[in-house]
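S.K.: pasted the sequence and its predicted model underneath.
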Amino acid sequence: MPRPAPQAKEAAGGADLLCVCRDTLVRWGKDARRTASLMVGQPDYEVYVAHAEATHPEQPPLDRTAFFRLHEARRFGAGGAFRCC
Amino acid sequence: MGKLKTALIFGAIAILGAIALAVIALHQGESISAVWIVVAALCVYAIAYRFYARYLAGKVMGLNAKRPTPAVRHNDGLDFVPTPRNVLFGHHFAAIAGAGPLVGPVLAAQMGYLPGVLWILVGAVLAGAVQDMMVLFMSTRRDGRSLGDMVRTEMGPIPGIIAQVGVLMIMVIILAVLALVVVKALAESPWGTFTVAATIPIAVFMGLYTRYLRPGRVGEVSVIGVVLLVLAIIGGGHIAADPYWGPAFTLTGTTLALAMMAYGFVASVIPVWLLLAPRDYLSTFLKIGAILALAVGILIVRPHVQMPAVTPFIDGTGPVFSGALFPFLFITIACGAVSGFHALISSGTTPKLLENENQIPLIGYGAMLCESFVAIMALIAATVLDPAVYFAMNSPVAVIGDNAASAAAAVAQWGFHITPGELEQLARDVGEHSILSRAGGAPTLAVGMAHILSGIIGGKAMMAFWYHFAILFEALFILTTVDAGTRVCRFMIQDLLGVAVPKMRETKSWTANVVATALTVSLWGYFLYTGVVDPLGGINSLWPLFGIANQMLAAVALILGTVVLFKMKRERFAWATAIPAVWLLICTLTAGFQKLLHPDVKIGFLAHARKYQDALASGDILAPAKTAGDMHRIIINDYVNSTLTAGFLFVVLTMVVYGVRACLKARRINHPTVVEQPAAHELTLEDEAMDTARA
């Protein structure tokens, strides 16, 4: 579980608390979305783009659709994902 | 201070767990609340995770947080991606949780709730979770290599090939038995058949949507799909009541079996985006949703367990499956306690996504504890039913007859009382013609789930909806497993045939594709068909075969784990994998030999074959056979099942021999001989070249 930021304890003011709560919820939402996509074999596209830009700036990264199709094909391809009984 | 706090907290958990276990074990007379079982399970998991998983991580495996994982070493943003542990936990859990932990405990409930609960808890903590964690650890240290690969490099090429063939045999049995569970659930049920059939056009629509309309929008298309599914469940009720469509969707087991083979063939040959991938979204999300709903339901409704703690059927005379508590309980409950199949997943994608070695306990051990909890919930759902209903639903026609009156009379002989009217009323409540002799686990679980969920939403009026919701969710993810499994098998067969005919290896070749798929479907289709026409219900002979196969694979994985610990010169700790391996070997070998050689025709395949041969020799025809040809077919089936059992025994015995040899050899050498990636992070030139190629 992502922990709330350390300042959460100090935040006496209602506005601060609201802010912290919202941030936490946003983070949880993001995590939940990432988890759900990975459950069906789709890793995070943003992480891939960040990685591709950092390591291979000379070549354009795959676009979202191509990235999606690549993983779709891979999940059910040769050596693809086993799933349990 | 910190230590004291931990001691106090876990001391309290231990006391609570001990009280809960005492309540469920020593309880006599009146029914107890299922919450006690939940509390006992959660306390056991908490203590095991806090102490045993930590011990395994620190002492047995010696995890090293500074050692780069494959995801870090080969980070390419595509296959190897360091992934936050919560996200990876969800992924891993979704991959290991399937129909197994839902079906096995339901069947095992015939012996009472206590044996099942104890084996699910002890098995998961000391065997299942250890296996998952150990395999994940080994694969992480070997660049995410598969189980078969690791057997080859650590134990030699011959055990490597034997393990590969073993995995293929297990896959075939798993696909057949899972398909049989669906056939048993849908036979003579127009409502269920319609809703499951409706998932095909829904999935095709979703496939076209993600392909052409809004590529890659998994979330939004899944929401649309779930809404359509709910409409299909509601519509199914009207279809079943319709004078024309009702009978049109009322299919016999044989028809359904043939339809499933045809469908399995088509689904795994056509492009995956059209049917397989979209159905995968639906089944995955529905599965997680249904598991959460069941957990919430049990906690809110707090149902009472009606089944006795232990029934007389521990002696092996039970109607659901034959064979005594030892070894058959440990075979019947496979996935919730220990599942060899998890070894294939823990050495699949998960190790390629692991951020840090210190997350191995959470992912490997923790996810298995959750799976074990799913099995506990399935057991609760089956045991909160009136035992009379449970036995009427799970006993074959040959034992209880084909109508409510004969079923009520039969279960009364076992000491469980219900009127024929009550059985018929329950069938009406869940929207079915009959609930008798629906072995296979899924319908019983569905009635149990409907019982619990209708306690939160809808009451009795919604019972039929919840029943068909539960059937749909089970059928959906079983069918996805069958299709995806058929593809996996097809690639394995292409690989094996490729040794003789190189052309078969081309995965893009249309001919190779069709030939290998047809071969796969006819393999599992054969077992499915014989299961469907079996008068004892098929589950009776197929589920133990599946259990034996699955537990043997677990034994193989644990043997490999023991070999690796010896080769790491950590043999002092090898008992952690060796003890569960020995226990599984004892159970599976005993069960395997009993299935082969037991004199009771209900248990031993060969005894059964002999009985039919003798009858044939004296010119008699024994039911269910109607002709001499039927008799021959039954005899052939018995011999096929015997051969398969003997094959499993051969696989596991050779693995034991090779395992012991490898351990002894490693013992004689006074330095580690394990084949791991080096600890220091120095990319060799070759590694670098591979990274570039991958990118």
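M.R.: Structure received. Numbers count the residues shown, from 1 in each chain, chains lettered A, B, ... in the order given.
S.K.: was I right to think residue B:666 contacts residue B:564?
M.R.: No. Between residue B:666 and residue B:564 there is no contact, the gap being 9.1 Å when judged by CB atoms under 8 Å. Backbone N, C-alpha and C define where each C-beta goes, glycine included.
S.K.: looking at those two, which is more packed in?
M.R.: When residue B:666 and residue B:564 are compared on other CB atoms under 10 Å in any protein chain shown, the one with more neighbours turns out to be residue B:564, at 28 against 22.
S.K.: tell me the helix or strand right after the helix or strand containing that one.
M.R.: Applying DSSP states H and E as the criterion places residue B:564 in helix B:539-567. With elements assigned by DSSP H and E, the helix or strand that comes after helix B:539-567 is helix B:575-597.
S.K.: now find how far off-centre the helix or strand following that following helix is within its chain.
M.R.: Helices and strands here follow DSSP H and E; after helix B:575-597, the next one along the chain is helix B:605-617. On the basis of CA atoms, centre = their mean, to the nearest Å, the separation between the geometric centre of helix B:605-617 and that of its chain is 32 Å.
S.K.: what average pLDDT does helix B:605-617 get?
M.R.: Looking at helix B:605-617 alone, the average pLDDT works out to 93.
S.K.: got it, and stretch B:190-200?
M.R.: In the prediction, stretch B:190-200 has an average pLDDT of 95.
S.K.: hmm, that stretch touching chain A?
M.R.: No. Where contact is defined by CB under 8 Å from any CB of the partner chain, no part of stretch B:190-200 touches chain A; the two come within 15.7 Å at best.
S.K.: can you pull up the most central residue in chain A?
M.R.: Centroid check for chain A by CA atoms, centre = their mean gives residue A:34 as the closest residue, at 3.9 Å.
S.K.: flag every buried residue along the helix or strand harbouring residue B:277.
M.R.: If you go by DSSP H and E, residue B:277 is part of helix B:276-301. Of all the residues in helix B:276-301, those buried under the rule 16 or more other CB atoms under 10 Å in any protein chain shown are B:276-288, B:290-291, B:293-294, B:297-298, B:301.
S.K.: after the longest helix along chain A, next one along is what?
M.R.: Scanning chain A for the helix with the most residues, using DSSP state H, yields helix A:14-39. From helix A:14-39 onward toward the C-terminus, using DSSP H and E, the following helix or strand is helix A:45-55.
S.K.: now do that next one, average pLDDT.
M.R.: Mean per-residue pLDDT for helix A:45-55: 91.
S.K.: what are the buried residues along that helix?
M.R.: Of the residues in helix A:45-55, A:45, A:47-49, A:51-52 count as buried by neighbour count, 16+ other CB under 10 Å.
S.K.: cool, and stretch B:158-171?
M.R.: B:159-160, B:162-164, B:166-171.
S.K.: and the buried residues of helix A:45-55 as TSV, adding distance to chain B?
M.R.: Putting those into TSV (distance: CB to the nearest CB, whole Å) gives the following:
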residue	distance to chain B
A:45	8
A:47	6
A:48	4
A:49	8
A:51	3
A:52	6
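S.K.: is any part of stretch A:23-36 close to chain B?
M.R.: Yes. Using CB under 8 Å from any CB, stretch A:23-36 reaches chain B at A:31, A:33-36.
S.K.: check the residues you listed for burial and list the buried ones.
M.R.: Going by neighbour count (16+ other CB under 10 Å), those have A:31, A:34-36 buried.
S.K.: reformat these as a markdown table; add pLDDT.
M.R.: What follows is these, written out as a markdown table (pLDDT from 0 to 100):
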| residue | pLDDT |
| --- | --- |
| A:31 | 90 |
| A:34 | 91 |
| A:35 | 93 |
| A:36 | 93 |
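S.K.: from those residues, which is closest to chain B?
M.R.: Here the nearest of these to chain B, counting by CB to the nearest CB, is residue A:35; it sits at 3.6 Å.
S.K.: what's the neighbour count on the nearest residue to the closest one once chain neighbours are set aside?
M.R.: Spatially, and ignoring its direct neighbours in sequence, residue A:35 is nearest to residue B:90 (3.6 Å; CB to CB, 6 or more residues apart in numbering or on different chains). Under the neighbour criterion other CB under 10 Å, residue B:90 is assigned a count of 21.
S.K.: just checking, next helix/strand downstream of the host helix or strand of residue B:90?
M.R.: Using DSSP H and E, the secondary-structure element containing residue B:90 is helix B:85-96. Taking DSSP H and E as the definition, the helix or strand that follows helix B:85-96 towards the C-terminus is helix B:100-108.
S.K.: which strands and helices sit next to that next one?
M.R.: For helix B:100-108, the contact count by 3 or more CB pairs under 8 Å, 6 or more residues apart in numbering or on different chains; DSSP states H and E identifies helix B:113-123, helix B:325-332, helix B:367-383, helix B:442-453, helix B:539-567 as packing neighbours.
S.K.: if we go to 7 Å?
M.R.: Using 3 or more CB pairs under 7 Å, 6 or more residues apart in numbering or on different chains; DSSP states H and E as the contact criterion, the elements in contact with helix B:100-108 are helix B:113-123, helix B:325-332, helix B:367-383, helix B:442-453.
S.K.: which of these sits closest to residue B:507?
M.R.: Closest approach to residue B:507 among the helices and strands packed on helix B:100-108 is made by helix B:367-383 (30.6 Å; CB to CB).
S.K.: what residues sit buried inside that closest one?
M.R.: Of the residues in helix B:367-383, B:367-383 count as buried by neighbour count, 16+ other CB under 10 Å.
S.K.: filter those residues down to the ones near chain A?
M.R.: Cross-checking the buried residues of helix B:367-383 against chain A (CB under 7 Å from any CB of the partner chain) gives no overlapping residues.
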